[in-house]
Structure formats: structure tokens, C-alpha cells
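[1] sequence first, predicted coordinates after that:
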Amino acid sequence: MNKHQQIKVFIADDHPIVLQGVSCVLSNRPEFQVVGTAISGDELARKMLLAKPNVLLLDLNMPGKDFYENINWVKANAPWVKILIYTSYHSTDLVRSLIHGGVAGYLPKTASPSEISNAIQGVFSGEIHVTMVAHAQTDIAPATDHASLTDDFRKRLCLSRREQEILVLISRGLSSQRIGQTLYISKHTVETHRKNILRKLDFNSSTELVKFAVQQRLV
């Protein structure tokens, strides 16, 4: 990066203290320019194209669009923007899914100002950046602490992207056979996923799955 070139950063997070704090940290560094902020997926869609950032610092759990919808919207409408996930949720499967889904990096909210700076510079330069958290069990990403998955959003993050797709289709009333036809997988595979979803969410019935999907704005 040219030493005189500023990295334009857009911050999307529904916690004002996070927006203010991170904005302050970055604004005090000459290599960064904060060009906009948003507190919801809808506001992100309205404001980001006008701001024309290089890097998007994106929280996962915000009002409005689902976080995968936010990521896909940015990829479709602003493919030059590097997406750096900034979150308090830690899961190996989650990070793998996000990276495979096209984000450029993952940064926990426990990161120090220097770690935030390094992560933004890294993804801007074309690197895949994953900041490890304490007690991570693999060399790929932070491990899931299932004991800490107490709220519904944390429960949801236990599910793989495929499991979330199947949960949505279950909630729309599709049978296992129809879901298999829709996703080009076998009925047996769908039923295996269904059992895993029930186990991960600690539910016993499809009714509970539908209620959970509605609460999480998946349907």
C-alpha cells in the first residue's frame, strides 16, 4: 500500500459504543478514514454504496437482514469491498463458513486497537485474516464453546450453512423428500441434517424448529 493512501473503512454494528469506539481508534490513525457507519442491514444497504469504502467492518447480529444476506448483498453490489467480520461470537464452523462464503477476515471484539489496525490492513492488501481467540483448538479458527451458547443467536451459529438452509425449508413446510429435491441431496441426507439440527438446538419437534426460524428472521 502507498504510504500516503488511506484505507476507507465502513463500520456496521448495532451498538453505538462499538461504533464510536472503533471509529475513534481508526480516526486517530492517519492510514485510515472512516467513511460511514450503519446500525442495521437496511442502513448498510442504503449508505455503503455512497460511502465507497475499501473495507467493511461487519457485525453479525444486527437488526434487519440476516448476516449471510448482508454478506451476499455486499458481494453482489460492491464486490471490491473487503469484508472483515467483527463479532463476539466464536465458532470454528462459523469462521470456516464465513471464509468460504467470501469474507476476507474474522476479528473478535476482544481484539486490541493494534489488532484491529493490522486486520484491516491485511484484508485490504488481499490477505485472509483470522485473529485467534484464547484456547482455540485448531490452526484454522476459534473453537466453539458449546457451554456458552445460551441465547438463540448463539444457538443458531452452531448450525452449518447447509443446516440453516434446511431449517428454512422445514419451516416452509417442505417434506424431507422435497427438500432433498430442492437441494439436490438424498432424502436420507436431509433426515440426517434434521436430526443434527434438533440435537444442536436441543429441540424435540418441527414445531419448535419453525418457531425458532421465525424468531431468527430466517422465514
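    Received the coordinates, thanks.
[2] once you drop chain neighbours, what's closest to A45?
    Nearest residue to A45, sequence neighbours excluded (CB to CB, 6 or more residues apart in numbering): W73, at 6.0 Å. For every residue, glycine as well, the C-beta is placed using N, CA and C.
[3] which ones are touching that neighbour?
    41, 44-45, 65 (CB atoms under 8 Å, 6 or more residues apart in numbering).
[4] for the protein, what spans make up the helices?
    16-27, 41-51, 67-77, 92-100, 113-124, 152-156, 161-171, 176-183, 187-201, 206-215 (DSSP state H).
[5] of those, which is nearest K8?
    Smallest distance to K8 across the helices of the chain (CB to CB): 7.4 Å, for helix 41-51.
[6] starting at the chain centroid, how far to the closest one?
    Here helix 41-51 is found 17 Å from its chain centre; the criterion is CA atoms, centre = their mean, to the nearest Å.
[7] how far away is the closest residue to T131 other than its chain neighbours from V130?
    Using CB to CB, 6+ apart and skipping the chain neighbours, the partner closest in space to T131 is L107 (5.1 Å). Distance of L107 to V130, given as CB to CB, to the nearest Å: 8 Å.
[8] with I170 instead?
    I170 sits 31 Å away from V130, going by CB to CB.
[9] give me the more crowded residue out of the two.
    Neighbour count, other CB atoms under 10 Å: between I170 and V130, V130 has more, with 24 against 21.
[10] so the more buried one touches V103, yeah?
    No. V130 is beyond contact range of V103, at 10.0 Å (criterion: CB atoms under 8 Å).
[11] just the CA trace of stretch 167-178, in CSV.
    What follows is stretch 167-178 as a C-alpha-only set of coordinates in CSV (Å, rounded to 0.1, in the frame of the first residue of the first chain):
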residue,chain,number,x,y,z
LEU,A,167,-34.1,-25.3,8.6
VAL,A,168,-35.6,-22.6,6.4
LEU,A,169,-37.1,-25.2,4.1
ILE,A,170,-38.5,-27.2,7.0
SER,A,171,-40.1,-24.0,8.3
ARG,A,172,-41.8,-23.5,4.9
GLY,A,173,-43.5,-26.9,5.3
LEU,A,174,-41.4,-28.9,2.8
SER,A,175,-41.1,-32.7,3.3
SER,A,176,-37.7,-34.3,3.6
GLN,A,177,-38.1,-35.7,0.0
ARG,A,178,-39.0,-32.2,-1.4
